[in-house]
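[1] model this:
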Amino acid sequence: MPKRRELLNHPPIHFIRTKDKWGRECYCFLLASDLKIRLLKAALKNPIVDLTRYGKVLASGFGHVPSEADIALLMEKYGFDARKFA
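    Below is the predicted model:
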């Protein structure tokens, strides 16, 4: 798992809200370049999209807001403050 200082050389972390194939609300934090995010936005017009083709999923779950566990994980492992998405 990368350490905080190693993330400085990685693309940014993006928060994505979407629905799964059964229509349930879900979210994920994706480590991806801006180019990959633009490609992903275009791909989201399709009914099913594999997010792992566009970046590394750091945390995900069901619902509209991230869980406290995911928020804590992102802060601990990546130094990323996800509280603004809660």
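
[2] ok, the helix or strand harbouring Phe15: who's next to it in the sheet?
    Assessed by DSSP states H and E, Phe15 sits inside strand 13-19. If you go by DSSP bridges, strand 13-19 pairs up with strand 25-31 (antiparallel).

[3] Secondary structure class of the closest residue to Asp70 other than its chain neighbours, three-state.
    Spatial nearest neighbour of Asp70, chain neighbours left out: Ala59 (4.0 Å); criterion: Cβ to Cβ, 6 or more residues apart in numbering. To be clear about C-beta, it is placed using only N, CA and C from the backbone, and glycine gets the same treatment. When classified by DSSP: H, G, I helix; E, B strand; the rest coil, Ala59 comes out as strand.

[4] My read is that Ala59 contacts Phe29, right?
    Yes: assessed by Cβ atoms under 8 Å, Ala59 is found in contact with Phe29 at 4.7 Å.

[5] show me the contacts for the residue lying closest to Ser67 once chain neighbours are set aside.
    Using Cβ to Cβ, 6+ apart and skipping residues adjacent in sequence, the residue nearest Ser67 is Gly61, 5.3 Å away. Neighbour list for Gly61: Cys26, Tyr27, Cys28, Ser67, Asp70 [criterion: Cβ atoms under 8 Å, 6 or more residues apart in numbering].

[6] Lovely, talk soon.
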